[in-house]
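# Just to be clear, the model below is a prediction. Sequence and coordinates:
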Amino acid sequence: MLFYDWTMLLILPAFLLAIWAQFKVKSTYAKYAKVNVRSGLTGADVAREILRDAGIPLGGGVAGTVSEITPIAGVMTDHYDPRTRSLRLSEDVYYGTSIASLGVAAHEVGHAIQHAKSYAPMELRSVIYPVSAIGSNLGIWLFVIGFLFVHSPLLINLGILLFSAAVFFTVLTLPVELNASKRAMVALAHGGYLQADELNGARKVLTAAAMTYVAAALMSVLQLIRMILISRDR
């Protein structure tokens with residue numbers, strides 16, 4: 001982040017894990033994106049079916065529903081938008097009939113189900129998002145300014161406090177993502193949308209994706225620890 005001293009060693013493991021996680025998720029996704037499912041269902045088909053199985057109406061955009069499922073440009077751009085209750089699936093996933101497509105689609109539906117069911121960690125994450133967004137951008141700059149330019153303990157501590165909110169958000173993202181993957185695997189198996197060997201492939205795709213969130217959480221925590229150590233040592 002900042003100063004080249006011994007504290008840089010703290011974030012090295014997380015940095016290496018992040019590189020490995022990115023490689024793993026891309027290679028695993030690419031592998032199973034080439035393996036079509038026997039059912040011939042697309043990611044969009046499975047998303048609609050899982051929502052139906054969960055008793056969540058599609059359309060309306062009100063509490064307890066999903067307003068729409070639409071394709072979006074890009075690769076691995078899939079996401080659920082809780083503000084509009086919209087499920088956005090990348091074109092490869094939306095139209096795709098691969099194991100990777102169905103696994104990713106089911107994962108994103110897992111987030112929609114979390115929202116509809118008021119899953120506590122997701123609700124809490126939504127509440128702290130505004131503060132965490134400020135903290136991720138402003139926190140480090142306040143720390144730098146307070147440390148290097150005005151030598152202000154107040155700015156340093158304020159920067160650390162704001163960055164802590166961003167760290168908490170990143171850590172809280174872990175149970176949200178893991179739970180969405182768990183819901184996805186249960187739904188895919190329960191609905192019979194994937195066979196046993198196909199389920200194993202989908203699990204590998206979602207596990208690889210989860211490692212990117214583990215790496216991000218570890219990086220943010222170690223970065224916070226580094227900021228605290230620098231403020232005390234200097």
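Structure received. Just so we're clear, the structure is a prediction, and the values are computed from it rather than from any experiment.

# buried ones in the worst-scoring helix or strand of the chain on mean pLDDT?
When the helices and strands of the chain are scored by mean pLDDT, DSSP states H and E, helix 120-144 comes last with a mean of 89. Buried residues in helix 120-144, counting neighbours by 16 or more other C-beta atoms under 10 Å, are found at 121-122, 125, 132, 135-136, 139-140, 142-144. Heads up, the C-betas are built off the backbone N, CA and C, glycines and all.

# after it, next one along is what?
helix 153-190 (DSSP states H and E).

# coming back round to it: which members of the buried residues of helix 120-144 are the farthest-apart pair?
The distance between the two most remote of the buried residues of helix 120-144 (C-beta to C-beta) is 32.3 Å, for Met122 and Val144.

# where in this structure is pLDDT low?
Within the chain, the stretches with pLDDT under 70 are 1-4, 61, 233-234.

# just to revisit the earlier point, measure how far the least confident helix or strand of the chain is from the centre of its chain, please.
The chain centre lies 15 Å from the centre of helix 120-144; the measure is C-alpha atoms, centre = their mean, to the nearest Å.

# the inter-axis angle of it versus helix 153-190?
Helix 120-144 and helix 153-190 are oriented at 150 degrees to each other (axes from the mean of the first three to the mean of the last three C-alpha atoms, to 10 degrees).

# Quick one: residues in contact with helix 120-144.
Helix 120-144 has contacts (C-beta atoms under 8 Å, 6 or more residues apart in numbering) with 1-2, 82, 111, 114-115, 155-156, 158-166, 168-170, 172-173, 175-176, 179, 227, 231.

# Buried members of those residues into ChimeraX, please.
Those of the contacts of helix 120-144 that count as buried under 16+ other C-beta under 10 Å are selected in ChimeraX with:
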select :82,111,114,115,155,156,158,159,160,162,163,164,165,166,168,169,170,172,173,175,176,179,227,231
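
# could you dump the buried residues of helix 120-144 to JSON lines with distance to His107?
Output for the buried residues of helix 120-144, formatted as JSON lines (distance: C-beta to C-beta, whole Å):
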{"residue": "Pro121", "distance to His107": "16"}
{"residue": "Met122", "distance to His107": "14"}
{"residue": "Arg125", "distance to His107": "16"}
{"residue": "Ser132", "distance to His107": "22"}
{"residue": "Gly135", "distance to His107": "27"}
{"residue": "Ser136", "distance to His107": "24"}
{"residue": "Gly139", "distance to His107": "30"}
{"residue": "Ile140", "distance to His107": "31"}
{"residue": "Leu142", "distance to His107": "36"}
{"residue": "Phe143", "distance to His107": "35"}
{"residue": "Val144", "distance to His107": "37"}
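
# which one of those is nearest Tyr94?
For those, the nearest to Tyr94 is Met122 (23.0 Å; C-beta to C-beta).

# ok, and what's touching the one helix or strand Lys31 maps to?
Using DSSP H and E, Lys31 sits within helix 8-32. Outside helix 8-32, the residues that touch it by C-beta under 8 Å, 6+ apart are 1, 76, 98-100, 103-104, 201-202, 204-205, 208-209, 211-212, 214-216, 218-219, 222-223, 225-226, 229.

# From those residues, keep the buried residues only.
Neighbour counting with 16+ other C-beta under 10 Å marks 98-100, 103-104, 201-202, 204-205, 208-209, 211-212, 214-216, 218-219, 222-223, 226 as buried within the contacts of helix 8-32.
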